[in-house]
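Student: sequence first, predicted model second:
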Amino acid sequence: MSTTTTDLESAKNADALKLSVSSLNRLLEKIHEGGGAKRVEKLHKEGKMTARERIDYLLDAGKPKIEIGAFAGYEMYAEHGGCPAGGVVVVIGYVRGRQCIVVANDATVKAGAWFPITGKKNLRAQEIAMENRLPIIYLVDSAGVYLPLQDEIFPDKEHFGRIFRNNARLSSAGIPQIAAIMGSCVAGGAYLPIMSDEALIVEGTGSVFLAGPYLVKAAIGEDADKEVLGGASTHSEISGVTDYKMPDDKTCLDTIKDLVDKFGRFDKAGFDRVESKPAEGKPEDIFEIYPENGAKPYNTLDLLRRIVDEGKLTQYKEHYGKTIITAYARIDGWAVGIVVNNRQVVKNAKGEIQFGGVIYSDSADKATRFIMNCNQKKIPLVFLHDVTGFMVGTRSEHGGIIKDGAKMVNAVANSTVPKFTIVIGNSYGAGNYAMCGKAYDPRLIAAWPTAKIAVMGGEQAAKVLTQIQVQSLKDKGHAPDPAAEKELLEKTKASYLAQTTAYYAAARLWVDAIIDPRDTRKWISMGIEAADNAPVEKFNVGVIQV
């Protein structure tokens, strides 16, 4: 139990966070249904497994796994019938003891067609593979680009074509890619499996061609059925496009296991790891510590002790820059450097009050030095967000808050050790950037259900937006009365707040996942294990103002 909360407050905190996690799990259950029971049944009748069944069969039973982008597309594309999980399932897990990332098209969602968010999610999976030298396995079952939205998925730099560019880059970097054609694979999508190192195809259900039977008929007048045009026998016996012809899904997946089993090993980055020790207390203690409404101060150190091994922390500059805590610790045995916003109200050396969750010049200065030290010593960095931004006002500006904030952003941007970000609560404004938000290339970024990501807090933003709208109405001679102005404020606030939730962020892949707070250790540990496959480059911050 937190040393700064009463039993009643702890109980309220626990109830609120447990309720949030329960809601999270209910939504995940719905998302895991994909396109629904009827489409799953249709798939089974065709002799095919679903995307999630394929992944579960492929991965080592009993070993940990984490899913990337389960909420991709959440509450988006309603006019197109929705796109659960972005129509593709991405999981980091273990195949014959080897950590891999698996990408499986969900054929129950629009026949596995690619929506814009599908492309973004596939690119994120490849990015994780490239950054961490992680073998990637594609389980292909897709009808290709979703044509009604082709302009949002086809031509741009971060669109569909980037997938194949990444195939080539992964191959040139020596990162293993295996593709299994387990359903349709058409048009441009046909390049993905064939640009992989090895390709398998399932008889009767797998097919790959640049143009399907209907398009071939329209283009050149030729009649050809799917099997003759691009089935398993065609590509395994005639064209030589595929390497293995498989009788069914399970045999195909078993063969992938055998192939992965023979992989060689990469040189390790050399991150330090010892025997894992459990965190202090019970995992559920986190629920009692984090405040019910996320706005009250809480003991951040108590929270950290429920995440790090044995609750042990070695604080760096403990008595300086107190609105950020910087500390060395271990998580599941891995040595880490932690940067976390301290949500307690503190006093600096001059006896001045400093508000929790706000970054002041001294805390930015401390964090910058700590980040540089972690790079010097090859220690992975963990950022835990609960930040309302940098301190504003005349005193802060005169004290050089922009300069000190810029130093911290510079250190984060140029950091070469792997960075992992967990958004616990607020993540507002430039605080999001300085604490390694998505734009600063964390290897993994996850959010608790309590997370809020926005340019500023909802109350402040709503007032600013409302003032702008009221002034516009006044300029047109339609000044609202107090009641109408209040209604406008509440409407604006509700709309803005809806865009700050963890779910809104996860739908757009601003975060990789929304997680149960008790899974924080697992996410960080698996992330560092993946990162340990890739060498660390030399650190250089470039020019900074001192």
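Tutor: Yep, it's here.
Student: beyond the worst-scoring helix or strand of the chain on mean pLDDT, next helix or strand please.
Tutor: None of the helices or strands of the chain scores lower by mean pLDDT, DSSP states H and E than helix 458-475, at a mean of 77. Next along the chain after helix 458-475, taking DSSP states H and E as the criterion, comes helix 482-498.
Student: let me know the average pLDDT across that following helix.
Tutor: Mean per-residue pLDDT for helix 482-498: 81.
Student: what residues sit buried inside that helix?
Tutor: Residues 485, 488, 489, 492, 493, 496, 497 are the ones in helix 482-498 that count as buried (16 or more other Cβ atoms under 10 Å). C-betas here are computed from N, CA, C, even on glycine.
Student: just to check, the second one is in contact with residue 469?
Tutor: By that I understand residue 488. Yes. Contact criterion Cβ atoms under 8 Å: residue 488 and residue 469 qualify, at 6.2 Å.
Student: what angle do the least confident helix or strand of the chain and helix 482-498 make?
Tutor: 130 degrees (axes from the mean of the first three to the mean of the last three Cα atoms, to 10 degrees).
Student: for helix 458-475, packing partners?
Tutor: Helix 458-475 sits against helix 482-498, with contacts defined as 3 or more Cβ pairs under 8 Å, 6 or more residues apart in numbering; DSSP states H and E.
Student: list the contacts of the helix it packs on.
Tutor: For helix 482-498, contacts defined as Cβ atoms under 8 Å, 6 or more residues apart in numbering pick out 454, 458, 459, 461, 462, 463, 465, 466, 469, 470, 480, 504.
Student: what's the following helix or strand after that helix?
Tutor: Per DSSP H and E, helix 482-498 leads on to helix 502-507 as the next helix or strand towards the C-terminus.
Student: how far away from the center of its chain is that next one?
Tutor: Computed by Cα atoms, centre = their mean, to the nearest Å, the chain-centroid distance of helix 502-507 equals 10 Å.
Student: ok, and what's touching it?
Tutor: Residues from elsewhere that reach helix 502-507, judged by Cβ under 8 Å, 6+ apart: 27, 69-76, 117, 423, 447-453, 498, 511, 513-514.
Student: what do you get for stretch 340-348?
Tutor: Applying Cβ under 8 Å, 6+ apart, the external contacts of stretch 340-348 come out as 4, 297-300, 304, 322-325, 327, 353-357, 359-360, 362, 383-387, 425, 431, 435.
Student: buried stuff in the least confident helix or strand of the chain?
Tutor: Using 16+ other Cβ under 10 Å as the test for burial, helix 458-475 gives 458, 461, 462, 465, 466, 469, 470.
Student: could you dump that helix to PDB, C-alpha only?
Tutor: Taking C-alpha atoms only, helix 458-475 is exported to PDB below (Å, rounded to 0.1, in the frame of the first residue of the first chain):
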ATOM      1  CA  GLY A 458      -8.600  18.800 -21.800                       C
ATOM      2  CA  GLU A 459      -9.700  21.600 -19.500                       C
ATOM      3  CA  GLN A 460      -7.200  24.100 -20.800                       C
ATOM      4  CA  ALA A 461      -7.600  23.100 -24.400                       C
ATOM      5  CA  ALA A 462     -11.400  23.300 -24.300                       C
ATOM      6  CA  LYS A 463     -11.200  26.800 -22.800                       C
ATOM      7  CA  VAL A 464      -8.800  28.000 -25.500                       C
ATOM      8  CA  LEU A 465     -10.900  26.400 -28.300                       C
ATOM      9  CA  THR A 466     -14.100  27.800 -26.900                       C
ATOM     10  CA  GLN A 467     -12.600  31.300 -26.600                       C
ATOM     11  CA  ILE A 468     -11.600  31.200 -30.300                       C
ATOM     12  CA  GLN A 469     -15.100  30.100 -31.300                       C
ATOM     13  CA  VAL A 470     -16.800  32.700 -29.100                       C
ATOM     14  CA  GLN A 471     -14.600  35.500 -30.500                       C
ATOM     15  CA  SER A 472     -15.400  34.300 -34.100                       C
ATOM     16  CA  LEU A 473     -19.100  34.500 -33.300                       C
ATOM     17  CA  LYS A 474     -18.700  38.000 -31.700                       C
ATOM     18  CA  ASP A 475     -16.900  39.200 -34.800                       C
END
